[in-house]
Every structure is written in structure tokens, then in C-alpha cells.
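> what follows is a protein structure lacking sequence information:
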């Protein structure tokens, strides 16, 4: 995040003092039992001009649904904010992706707006997704010292898929599929939210998002990198060593759920959807609100970049996170 | 509206079949007692690069609140979708405009997102505004044959202000003020909504918006141009003749409310805010769903352009509607 973005977000937090805003700490607002989120994606920042437009549409929906999943909400409706910039074929395929994702997750499209931009303008596409809250809407700030830190999903798949595509834009395979058609964890979110202390989605990288949870909750977070859940496709591509684990922990674009539960919590007491992978990866502890990582019982020095922070610099270095962020 | 936009909107209507979408005919969705709208504005399309950024922020809020006003809703919260493109001074002033408008109309900022675009990117700014529904949420499609057609507000002021600014960007005065700081008719909307048959805001030009009401309601609409409410500032600038009236009826950017009431309705039975100007301007009648205009008891031929329709052509002719549209 640039200094400028930090300043703007600080200013927005000073403006957004209503309780419904939850301090702008939660990616969502809570109003009359509805959980409301808005995410925009921009060409060249969150997706590439040559990404298949249907996958861009799918991801716009998935990005927003992941925010609802992290609050245990059920999809209730979405408003689409569409810019048209003269390429009808692109736009039709994009809408097909939006439609398929909405159908897949039972998210009715209920409104929005369409504006025409001069041909060739950078595409900026937005969605407001609205969910009905469950019995509890866990916040990012409600982690407690002593909690276990858990994750639903696997890390690094989408980012690994993007790196494959960067070398060969016609590549196919599981990791490319995850990059193009990520799956928001709605069912798991609904099952976990009533029991979780703190909860959020992992969007910008596990280490960065965990540090945000630590800061919001006012406690230290310890993560055992050896416990990070990696898919077999990820391990086949990049291995399971420390370097691969640090990549997975900082890459972002994960659509996973990060949450804290009381120590000793038995995950078998949750009714999770079939096939859900839920893994304990660390703990919340007393201390400075920051994260610490370990591997093989030894502390691991944290990388300078804990994840993907928005930057207005389109060019990124080789170790940079994926173009698409913020599920 | 370009062919392309018509196609896209037709397609969105086929997708958006949930009752909450109201057929995408209403500028708003209605979900669990909340009225929800999203409008985006783009640089070079809805505002000019040299417009004062605080006025752009104010207008983004007012555009959205006008949609709530037309449904009789009370402001409950807004999510701001902000693109940063490297000009901190512009962005700070923009946020000041947003903040002032939110404060003025009791609209709490409760969420949103901020994305950084490469420096110099076209600004696209969006807002989702949420209101609590009153006892009735009138639709655009519920006008009835025999209704009187009414308007709250005056027409053409903002467009006249923009034309003044086009000749002298340092100009000041009432019409420039209206262009820069339009006032959504929230109080009047809340008073009228329980009684109105059809209701919408005038955003793209009276004749165009009335033709949309005619089409949605399935009846003819007759408008007496001599009855159009014009401000004294407008008349001082452009006169009150037929040419000025046609300008006012097609210019758009009006933030007025257009609604139908049973014939013989007495406006004195409404508790309108002090100073509200409410005018009967015509009638709904049996016949083809189209509009007809008259002046001095004689039919007036309708201009080719009934109002402002989105176009991806940045350059507009001298008779073109204002840059800023869709309140």
C-alpha cells in the first residue's frame, strides 16, 4: 500500500464513524441484518488485458462472495457496476462469467449501473454484494489471546497458476483453473462464523492478512509455516519446502478463510461441506500486535513484503504477488 | 444510448429475474426493506477534469440520494468505491465533497473500497447508497391512465449552469451553484411516495424520463410545456419561451422528482418540506406508451434527442446535454 492509500484509508476511517461501518476494518458493513461489501477490479491492476473475460466476470463475483463467506453470510443479491469501453465481445463474455458465478452460488443480480467510456479506456468493474447475516457476524478485531489460528482452503494455488500463465498464456491445469475460477468458501464460512472469535478472508497474502488480524485484535499471532495447507498440484509445481511455503504465505489471491477458535476447539463439531480442508496453522498470544513465523521449531525471518498491497505502479518485480488480489 | 448499451441492458434484464431487481426498471433494488442503488461517474463523461473535485464528490452522493428520494427512502448508509490515480490534492478535495454531502443528508459512510490506478488513469468513482423503505416504494411502472403527472423541483438549472461554465470556467452564480451542488429531494420524496402511483427521478431529461415512465406503465403521457417549472435564475439567463422550455425538458442533470397521482389529488394534503415546488405538468392517458408535448394548446414536435443517453463519444455537439447526468 502506498503512503497515499494509507492516508486516504485513515481519512475514510475518520469519516466512517457509524457502528455499521465496523471501523472499516472488516471489508463489510452490517446494516439491518444484511452484510454488504463492495469490491472493484481494474484492468492492468487486478486482471490482465488478455485474461479470458469470462474468468474476470467470475472472479469479480467470487471476490465479493469471499467477503460474505468470511462473515458467515448467505448470498442475497448483487449490484453490478459495469463500464463499457467498446469491445462487445469482451463484455458479453464477461457477463457470461458473472452470470455463471451468480448462478453457481445463488446470488441474484438485482441492480447496478452501466456507463459507457470512450473506446480504449481502462476497464473498472465493480460489484456490491449483499448477504443475510447468520446468528453471528465475526469481526477481524475479535481474536483473543490463547485462540488457535485456523485456515479453510489451501494457499498459493492461484498465484502459482498466474506464474505459469505468465510464462505461457495458453497453459492449462489445476493451478490455472484455480486462478481463473476461484471458489469462495461460503458453506464453510456459514458453519464456522457462529463459533469463530475473529474471522476474515485471506486475500492479500496470509502473512499480511494475519498481521491485520493481529493489529485489529491487539495480540500477537504465531504461525507455523510447516502447517500451511498446500494442494498436491501446488506441491507438484513448486515443492513443499520453506521457499514454496513463504511464496504461498505471501502471494495473495487465495479465497481462503482465516479465523481464530478457542484453544482445544474440536473441528469435528462443525458441519462443514464435504471436502472442506480446515487446518490449524498457529495461535494468538499475548504481546505486541504483530506476527511471527516458524519452521522446524525455529523462527523464520519474515520477508519484507508480507503480501500484496495496492500500488499504483503497474510494473512489478518477479517476486511480486499476482495481478488479481483481494478475494 | 448506443445500440451496444441497449443490448447489454437487455441482457442484464434477462439475467436479473429476481423480484428484488424490479426488472431493472427502477434504478434501485428492494431487499429486506432496504432500497439499494449504485451509480458510478466517470471523468470526461459525467464530470470534467477541471470541475472542482469537491463538487464531483458532492454530486456523486447527490446522484445516489436522488434515486433514494424517488422511492421515498430514508438514507441509511453508503459504500464508496474510490479509484486513486496519483493526485492527492484532487482526491482530498473530492473526499471533502463526499463528506459534506453525507453530513448534509444524514448518510453515514459505512464501507467501500479503494483501488490505486496507474497515474493519469481516467477516474471512475462509484457509490452504493442504501435507504430504509417507507410504507410504500413506488415503481416507475405503476402509473395509471387518468393520473395527473407532477414534478417536484425545477428543470434546466444545472444544464444552464454547465453551459455558462463552458463559456467561462470561472463563472459564478445561482445556476453554476446548482450545477455544482445539486440538492436531492429527499424530504419531498418521503412525503409523496406513499401517495404516488408511479415515481422516478428526472436525471436524463424530462422528456426522456417521462417516455420511460410511459413505456414502463403502458400508457401515453401528455406534457404541457407551458407548465414546466422554471427558476427565476433560469428565466433570467435563457428566457421562458418555447426554446428555453425544450432545453429545460431535455437537458437532464435535474435532480427533480417525476410522479403520477390520481386525478384531482390535492397537493395541500401532503406535508412537503418548506419551499418545495410541486407542479402539475401533464397527464397519463390511454394509448400507445409514448409522450406528446404541447404549448399554447398546440402540439409541439418532439426533438430528436429527448434527453441525455449514455454514449461512448466524448465529444458532444452544442445542443448536447450536460456532462453530468443521472442524478
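Thanks, I have the structure now. Model, not experiment: these values are computed from the prediction.
> lowest confidence element among the helices and strands of chain A?
helix A:3-15 (a mean of 85; mean pLDDT, DSSP states H and E).
> quick check: next helix or strand after that helix?
The first helix or strand that comes after helix A:3-15 along the chain, using DSSP states H and E, is strand A:29-31.
> just checking, what packs against that next one?
strand A:34-42, strand B:74-84, strand B:109-116 (3 or more CB pairs under 8 Å, 6 or more residues apart in numbering or on different chains; DSSP states H and E). In this view, the C-beta of every residue, glycine as well, is placed from N, C-alpha and C.
> got the buried residues for that strand?
A:29-31 (16 or more other CB atoms under 10 Å in any protein chain shown).
> same check, this time on stretch A:101-109
A:101-102, A:105, A:107-109.
> adding pLDDT and distance to chain B, write those residues out as CSV.
Output for the buried residues of stretch A:101-109, formatted as CSV (pLDDT from 0 to 100; distance: CB to the nearest CB, whole Å):
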residue, pLDDT, distance to chain B
A:101, 97, 11
A:102, 96, 7
A:105, 96, 14
A:107, 97, 10
A:108, 96, 4
A:109, 96, 4
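> from those residues, which is closest to residue A:253?
Residue A:253 lies nearest to residue A:101 out of the buried residues of stretch A:101-109, by CB to CB, at 15.8 Å.
> now do that closest one against residue B:241, distance only.
Residue A:101 sits at a distance of 54 Å from residue B:241 (criterion: CB to CB, to the nearest Å).
> also residue A:294?
81 Å.
> compare the two (neighbour count), which wins?
residue A:294 (15 against 11; other CB atoms under 10 Å in any protein chain shown).
> so the more buried one touches residue A:300, yeah?
Yes: contact criterion CB atoms under 8 Å: residue A:294 and residue A:300 qualify, at 5.9 Å.
> between these two, what contacts are shared?
residue A:225 (CB atoms under 8 Å, 6 or more residues apart in numbering or on different chains).
> the helices in chain A, which residues?
Under the criterion DSSP state H, helices of chain A are mapped to A:3-15, A:53-69, A:88-104, A:157-167, A:174-180, A:186-192, A:206-217, A:232-238, A:242-250.
> and for the nearest residue to residue A:28 once chain neighbours are set aside, the neighbour number?
Spatial nearest neighbour of residue A:28, excluding adjacent residues (CB to CB, 6 or more residues apart in numbering or on different chains): residue A:37 at 4.5 Å. Residue neighbour count, defined by other CB under 10 Å, stands at 28 for residue A:37.
> tell me what residue A:37 is bridged to.
residue A:129 (DSSP bridges).
> ok, it touching residue A:137?
No: using CB under 8 Å, residue A:37 makes no contact with residue A:137, being 11.8 Å away.
> which residues do these two both contact?
In contact with both residue A:37 and residue A:137: residue A:28, using CB under 8 Å, 6+ apart.
> before we move on, the earlier item: how much space between the residue nearest to residue A:28 and residue B:103?
24 Å.
> what of residue A:198?
Going from residue A:198 to residue B:103 by CB to CB gives 32 Å.
> quote the end-to-end distance of stretch A:264-281.
Terminal residues of stretch A:264-281 lie 13 Å apart, using CA to CA, to the nearest Å.
> same check, this time on stretch A:213-229
One end of stretch A:213-229 to the other measures 19 Å (CA to CA).
> cool, and stretch A:130-147?
Start and end residues of stretch A:130-147 are separated by 29 Å (CA to CA).
> so it, near chain B or not?
Yes: using CB under 8 Å from any CB of the partner chain, stretch A:130-147 reaches chain B at A:130, A:132.
> buried set for that stretch?
For stretch A:130-147, a neighbour-count test (16+ other CB under 10 Å) marks A:130-131, A:133-134, A:137-143, A:147 as buried.
> over to stretch A:190-198?
A:190-193, A:195-198.
> before we move on, what about stretch A:280-298?
Of all the residues in stretch A:280-298, those buried under the rule 16+ other CB under 10 Å are A:280-284, A:289, A:291-293, A:295.
> same deal with stretch A:212-229?
For stretch A:212-229, a neighbour-count test (16+ other CB under 10 Å) marks A:212-217, A:219-225, A:228-229 as buried.
> OK, contacts around residue A:37?
Applying CB under 8 Å, 6+ apart, the residues near residue A:37 are A:27-29, A:64, A:67-68, A:128-129, B:79, B:111.
> report the two of those residues separated the most.
A:68 and B:79 (13.7 Å).
> what about the two, which has more around it?
Ranked by neighbour count (other CB under 10 Å), residue A:68 and residue B:79 place residue A:68 first, with 30 against 26.
> quick check: the more buried one touching residue A:190?
No: Residue A:68 lies out of contact with residue A:190 (CB under 8 Å); the separation is 9.5 Å.
> next, show the common contact partners of the two.
Jointly contacting residue A:68 and residue A:190 under the rule CB under 8 Å, 6+ apart are residue A:74.
> wait, doesn't residue A:263 sit right on residue A:147?
Yes: under the criterion of CB under 8 Å, residue A:263 makes contact with residue A:147 at 6.5 Å.
> name the residues contacting each of these two.
residue A:283.
> show me the domain layout of chain A.
Domain assignment for chain A, taken from automatic domain parsing, gives A:3-132, A:148-300.
> deepest-packed of these, please.
Of all the domains of chain A, domain A:3-132 carries the top mean neighbour count, a mean of 22, counting by mean count of other CB atoms under 10 Å in any protein chain shown.
> can you tell me the distance between the two ends of that domain?
35 Å.
> what about the stretch 51-200 of chain A, any weak spots by pLDDT?
By pLDDT under 70, the stretch 51-200 of chain A has no low-scoring segment.
> for it, which residues are neighbours of chain B?
Within the stretch 51-200 of chain A, the positions near chain B by CB under 8 Å from any CB are A:76-77, A:79-86, A:88, A:91-92, A:95, A:98-99, A:102, A:108-119, A:121-122, A:124, A:126, A:128, A:130, A:132.
> 7 Å - rerun?
For the stretch 51-200 of chain A, the residues in contact with chain B (CB under 7 Å from any CB of the partner chain) are A:76-77, A:79, A:81, A:83-84, A:86, A:88, A:91, A:95, A:99, A:108-119, A:121-122, A:124, A:126, A:128, A:130.
> just the residues contacting stretch A:229-239, thanks.
A:151, A:154-157, A:160, A:174-175, A:240, A:244, A:247-248, A:277, A:279 (CB atoms under 7 Å, 6 or more residues apart in numbering or on different chains).
> could you redo the last one with a cut-off of 10 Å?
A:151-161, A:163-164, A:173-178, A:240-241, A:244-245, A:247-248, A:256, A:277-281 (CB atoms under 10 Å, 6 or more residues apart in numbering or on different chains).
> out of the helices of chain A, the one nearest residue B:11 is which?
Nearest to residue B:11 among the helices of chain A is helix A:88-104; the distance by CB to CB comes to 6.1 Å.
> from the contact counts, what lies against that closest one?
Using 3 or more CB pairs under 10 Å, 6 or more residues apart in numbering or on different chains; DSSP states H and E, the elements in contact with helix A:88-104 are helix A:53-69, strand A:74-84, strand A:109-116, strand A:124-132, helix B:3-15.
> what angle sits between it and helix B:3-15?
Angle, helix A:88-104 to helix B:3-15, by axes from the mean of the first three to the mean of the last three CA atoms, to 10 degrees: 10 degrees.
> report all helices and strands that the least confident helix or strand of chain A contacts.
Using 3+ CB pairs under 10 Å, 6+ apart: helix A:3-15 touches strand B:74-84, helix B:88-104, strand B:109-116.
> now do that helix: distance to the chain's middle.
The chain centroid and the centroid of helix A:3-15 are separated by 21 Å, computed with CA atoms, centre = their mean, to the nearest Å.
> report the contact partners of residue A:141.
Residue A:141 makes contact with A:22-23, A:25-26, A:197-198, A:200, A:212-213, A:215-218, according to CB under 10 Å, 6+ apart.
> any idea how far residue A:260 is from the nearest residue to it once chain neighbours are set aside?
Spatial nearest neighbour of residue A:141, excluding adjacent residues (CB to CB, 6+ apart): residue A:216 at 3.8 Å. Relative to residue A:260, residue A:216 is positioned 11 Å away (CB to CB).
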